[in-house]
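Visitor: make a model of this:
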Amino acid sequence: MQRTNIYLDDNQVKVLKLLAVEDQLSVAELIRQAVGQYLSTRLNQQGSWEDRWDAVIQDVRSHLPNISSEDIELDIRAARAEARDLRDNESSH
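Guide: Below you'll find the predicted structure:
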């Protein structure tokens, strides 16, 4: 386990202390649990995003069976670059 410092406002500390007493835990353990839940949620959201992305790729493939993942990625990269160039040109005028 690694030690780290965080800054909390007075109200956050007060509430954490009350909850820690209620749950018979230390404030540090309560914070570790909260961080663990946050990270789990974020990682699950990332997984969901990846699942949706894979579904999009599969849908595109079903309509264009001869196109590879690499070709799809190249097309997406090119479209992003084009959109970025258009945005940059508009903001420079």
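Visitor: residue 60 reaches residue 72, doesn't it?
Guide: Yes. Under the criterion of CB atoms under 8 Å, residue 60 makes contact with residue 72 at 6.0 Å. From N, CA and C alone the C-beta is placed, and that goes for glycine too.
Visitor: now residue 26, what are its backbone angles?
Guide: phi -80, psi 160 (degrees, to the nearest 10).
Visitor: quick one, what contacts it?
Guide: By CB atoms under 8 Å, 6 or more residues apart in numbering, residue 26 lies in contact with residue 20.
Visitor: list the buried ones in the lengthiest helix in the chain?
Guide: What stands out as the longest helix in the chain, according to DSSP state H, is helix 27-63. By neighbour count with 16 or more other CB atoms under 10 Å, helix 27-63 contains the buried residues 30, 31, 60.
Visitor: tell me the one of those nearest residue 9?
Guide: The closest of these to residue 9 turns out to be residue 31 (CB to CB; 14.2 Å).
Visitor: many thanks, I have nothing further to ask.
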